[in-house]
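Novice: output the structure for:
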Amino acid sequence: MCNQAILVTFAIEKRGRQVALKTMYKLCIDKEMIKDMERVTFDGAIHVIDSMLHVRAAVAALRSAEFVGFDTETRPSFKKGQVHKMALMQLSTPDDCFLFRVNKIGVPDALSDYLSDANCLKVGLSLRDDFAKLHTVTGCVPQGFVDLQQLVGEYRIGEASLQKIYAILFGKKISKSQQLTNWEAPTLTVQQQNYAAIDAWACGKIYKYLTSGAFNPDDSPYKQEIIEDEKA
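Specialist: Reported below is the predicted structural model:
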């Protein structure tokens, strides 16, 4: 079972006291192992929301989903001290990803209400950073969120990045080639749209896989042993 990581326990004498050494493991992966993996694609529909016209319909679709993946993008800064506000918010069901261009429409009331609805489950990664960005563009208090960085630890995954977590679970690579592009551009390129959609969609897919009970870390090829001391 995933909560039984102890492989072997034995006692030794160490500095005049008896200690127990517990051999445990975590799941880790090197970037070199990811490099040649098949690239992840999103086969669903991508909807760019850059006017108020389609906001309510998009939020209605999100509310009808069991859960959604969540992510944000901010225009990168290449000058010391320069900070940009959130430009894009991505919310994805398994089949549809909605890209809200926050730099153009802000965070409309319908979207703000959804983000603060504790009954609507949203799944993201490193949410503290996203919430800090969100605070710069809206006064809503996010609720109903699950942070994958906390969840994956329950499954012995010792990585924090979306790319590495996804590679450990599914053996595929999430490309980061568009990460440092201009998210405030007048029009998002197809490559930007795909990148943004995959990041949000992947969060939902990871959550569904882990909580389904289908994943057993004992069977993973990415086990890395760690040893901890405990007083006997």
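Novice: going by C-alpha atoms from here, please, whenever you check contacts or count neighbours.
Specialist: Fine.
Novice: show the pLDDT at residue 225.
Specialist: What the model reports for residue 225 is a pLDDT of 89.
Novice: from residue 32, how far off is the residue most central in space within the chain?
Specialist: The structure's the chain has its C-alpha centroid closest to residue 125; by Cα atoms, centre = their mean the separation is 3.3 Å. Taking Cα to Cα, to the nearest Å as the measure, residue 125 and residue 32 are separated by 23 Å.
Novice: do the same with residue 218
Specialist: Taking Cα to Cα as the criterion, residue 218 is separated from residue 32 by 23 Å.
Novice: export the helix or strand hosting residue 104 to CSV, keeping only CA atoms.
Specialist: Of the helices and strands defined by DSSP states H and E, residue 104 is found in helix 102-105. Output in CSV follows, covering the C-alpha atoms of helix 102-105 (Å, rounded to 0.1, in the frame of the first residue of the first chain):
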residue,chain,number,x,y,z
VAL,A,102,-7.2,38.6,-17.4
ASN,A,103,-5.1,41.3,-18.8
LYS,A,104,-8.0,42.2,-21.2
ILE,A,105,-11.1,41.5,-19.2
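Novice: which ones are touching the residue nearest to the centre of the chain?
Specialist: If you count contacts by Cα atoms under 8 Å, 6 or more residues apart in numbering, residue 125 has them with 70-71, 147-149, 162, 203.
Novice: show only the entries of those found in helices.
Specialist: Secondary structure defined by DSSP state H assigns 148-149, 162, 203 of the contacts of residue 125 to helices.
Novice: quick check: ChimeraX command selecting the buried ones in the residues you listed.
Specialist: The buried subset of these, as determined by 16 or more other Cα atoms under 10 Å, is captured in ChimeraX by this line:
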select :148,149,162,203
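Novice: farthest-separated two in the ones in helices among the contacts of residue 125?
Specialist: When Cα to Cα is used, the two most widely separated members of those are 149 and 203, lying 10.5 Å apart.
Novice: quickly note the distance from residue 87 to residue 99.
Specialist: Using Cα to Cα, one obtains 10 Å as the distance from residue 87 to residue 99.
Novice: do residue 177 as well
Specialist: Between residue 177 and residue 99 the distance is 18 Å, computed by Cα to Cα.
Novice: residue 42 too?
Specialist: For residue 42, the distance to residue 99 (Cα to Cα) stands at 14 Å.
Novice: so the two - more neighbours on which side?
Specialist: More neighbours surround residue 99 than the other of residue 42 and residue 99, with 23 against 17 (other Cα atoms under 10 Å).
Novice: a helix runs through that one, doesn't it?
Specialist: No: for residue 99, which was evaluated using DSSP: H, G, I helix; E, B strand; the rest coil, the result is strand, with no helix membership.
Novice: and it, what does it touch?
Specialist: 46-49, 88-91, 193, 196-197.
Novice: show me the beta-bridge partners of it.
Specialist: With DSSP bridges applied, the residues forming beta bridges to residue 99 are residue 48, residue 90.
Novice: for residue 217, see how far away it is.
Specialist: Relative to residue 217, residue 99 is positioned 33 Å away (Cα to Cα).
Novice: quick check: buried residues in stretch 182-201?
Specialist: Within stretch 182-201, the residues that count as buried by 16+ other Cα under 10 Å are 182-184, 192-201.
Novice: what's in contact with that stretch?
Specialist: When contacts are taken as Cα under 8 Å, 6+ apart, the neighbours of stretch 182-201 outside the stretch itself are 40-42, 46, 68-76, 87-88, 90-94, 97-99, 103, 124, 162, 174-176, 178-179, 181.
Novice: show the buried residues in the residues you listed.
Specialist: Among the contacts of stretch 182-201, those buried by neighbour count (16+ other Cα under 10 Å) are 40, 42, 46, 68-76, 87-88, 90-94, 97-99, 103, 124, 162, 174-175.
Novice: all set, thanks.
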